[in-house]
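need a structure here:
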Amino acid sequence: MIHVAVIGAGVIGAAIAYELSLVKGLRITLIDKQVPASGSTGAALGVLMGVLSRKTKGRSWKLRQTSLERYETLIPELEILTKQSIPVNRQGILMLRFAEESIGEWEKLITIRQSQGYDLKIWDQETLNRKCPHIDNHRIVGAIYSPQDLQINPQKLTQALVKGASINGVNCKFGIEVKNIISNTLKDSNVRQCYKIQTTEGNIKIDELVIAAGLGSTPLTITSSQPLDIRPVLGQALQIKLNKLPGNKDFQPVITGNDVHIVPLGNREYWIGATVEFPDEMGEIISRPELLEKVKRKAISFCPTLQDAKVIKTWFGKRPRPQGEPAPIIRKLPHYSNILLATGHYRNGVLLAPATALAIREYWFG
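Numbering: from 1, shown residues only. I've put the predicted structure just below:
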């Protein structure tokens, strides 16, 4: 049997392990030095902004489109297999529209999406007030509503992917760190082949390797001729609870505007996020509470009823952002015959996980 190792058990690595588990004749090992979804995935909000994205062609749109299609089958597939419920908000995403913005670009996007089989709607202020009376800001003149975009709980999704992969025979090894990639040069070439990975629990012989370790991908490639340069971008978010459900209790979409997301969780609870904080000149990145407060104030300016909410918790995570090439990185590691990279998804890991997993599967196994 072909032995494939996947390093990284965030949503990307977990999706790859699960997708490969559907291929006959493979032996798969999923490895992470932490428990699944402990890194960037654990801090994500799971807002799957595909149809609302301004990407309309090329690789960026194709990945989004593939993921949207796969999610429709993946979620029920996992729930049946694992007997676990995956929290999904299917009430769409509402993009707030401000007075200073032109409507023309949205009209063009709507025409394109209609030709692709997707539904986008322009709401005027009257429609927005009727559908979402809790939105109240003099600068907001309407919204763009995408009923086919989703929000999914990233941690629950990743846990279901790992459990599904395990049920399908994947060997999951957590709390184990990969220290080194051991390779040799193929005869009559300058191409190397990884035949073993060195871990804190000994060496593991492999035939194929997928590096899906987010920020941990860089040290794993440091000895290659073209090591990855992936740097952290910090994001903070908070969870709140209200005494009374705002707006229409039967219509609670994700609300987004000026890069701030308001994510309904049920039980009058919401996630609000997220900041975008880059490293300083020394390469250090430290969470700044005043930036999270700014995000909170923005959300309250959109929905004043959030002012009365109780903050249950705050958290932060580091997103993997590639330098010198577009996100995400889905390709071979140069000069290696059997190492694929699936990393550096920046802010779109949850959105692009299914498409990434399919790309890895198709690259090797059709």
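
which residues does Gln116 contact?
Gln65 (C-beta atoms under 8 Å, 6 or more residues apart in numbering). All C-beta atoms are positioned from the backbone trio N, CA, C, and that covers glycine.

rerun that using 10 Å as the cut-off
Taking C-beta atoms under 10 Å, 6 or more residues apart in numbering as the criterion, Gln116 is in contact with Val51, Thr56, Lys57, Trp61, Gln65.

cool, His138 as well?
Shown here is His138, whose contacts under the criterion C-beta under 10 Å, 6+ apart are Ala99, Ser301.

separation between it and Ala99?
Using C-beta to C-beta, to the nearest Å, one gets 8 Å for the distance from His138 to Ala99.

quick one: the strands in the stretch 151-300 of the chain?
With DSSP state E, counting those that start in this stretch applied, the stretch 151-300 of the chain shows strands at 171-174, 178-185, 192-199, 202-205, 208-211, 230-241, 254-257, 260-266, 269-273, listed in chain order.

Any idea which of these gets closest to Leu340?
Comparison of the strands of the stretch 151-300 of the chain against Leu340 by C-beta to C-beta identifies strand 208-211 as nearest, at 5.1 Å.

Quick one: list the elements packing against the closest one.
strand 2-7, helix 11-20, strand 26-32, strand 178-185, strand 192-199, helix 217-220, strand 339-343, helix 349-365 (3 or more C-beta pairs under 10 Å, 6 or more residues apart in numbering; DSSP states H and E).

which residues pair with Gly257 across the strands?
Val260 (DSSP bridges).

right, and it touches Ile135 too?
Yes: here Gly257 reaches Ile135: they are 9.1 Å apart, a contact under C-beta atoms under 10 Å.

can you list residues touching both of those two?
Both Gly257 and Ile135 are in contact with Leu94, Leu96, Ala143, Phe302, where contact means C-beta under 10 Å, 6+ apart.

Could you identify which of the strands of the stretch 151-300 of the chain is most buried?
For the strands of the stretch 151-300 of the chain, the largest average neighbour count (mean count of other C-beta atoms under 10 Å) is found in strand 208-211, namely a mean of 26.

tell me the mean pLDDT for it?
The pLDDT scores in strand 208-211 average 98.

partner strands of that strand, parallel or antiparallel?
Partners of strand 208-211 in the sheet, by DSSP bridges, are strand 2-7 (parallel), strand 339-343 (parallel).

For Asn89, see how far away the residue of the chain most remote from its centre is.
No residue in the chain has its C-alpha farther from the mean C-alpha position than Asp188, which lies at 40.8 Å (C-alpha atoms, centre = their mean). Computed with C-beta to C-beta, the distance linking Asp188 and Asn89 is 55 Å.

How about His134?
16 Å.

higher neighbour count, the two?
For His134 and Asn89, the more surrounded residue by other C-beta atoms under 10 Å is Asn89, and the numbers stand at 21 against 18.

show me the contacts for the more buried one.
Contact analysis of Asn89 by C-beta under 10 Å, 6+ apart lists 46-48, 149-153, 252-254, 263-266.

mind running it again at 8 Å?
The contact partners of Asn89, taken as C-beta under 8 Å, 6+ apart, are Leu150, Gln151, Ile152, Gln252, Pro253, Val254, Val263, Pro264.

what does Pro322 give?
By C-beta under 8 Å, 6+ apart, the contact set of Pro322 is Leu228, Asp229, Ile230, Pro328, Ile329, Gly344, Tyr346.

Leaving out sequence neighbours, find the closest residue to Lys243.
One correction, residue 243 is Asn, not Lys. Asp308 (6.7 Å; C-beta to C-beta, 6 or more residues apart in numbering).

burial of that neighbour, as a residue count?
12.

for Pro76, same thing?
A count of neighbours around Pro76, defined by other C-beta under 10 Å, yields 11.

State the distance from it to Leu48.
Summarising the geometry, the distance separating Pro76 from Leu48, computed by C-beta to C-beta, is 16 Å.

What of Arg192?
The value you get for Arg192 to Leu48, if C-beta to C-beta is used, is 37 Å.

do the same with Arg268
23 Å.

Pro246 now?
The span separating Pro246 from Leu48 equals 23 Å under the rule C-beta to C-beta.

And Ala342, by the same measure?
18 Å.
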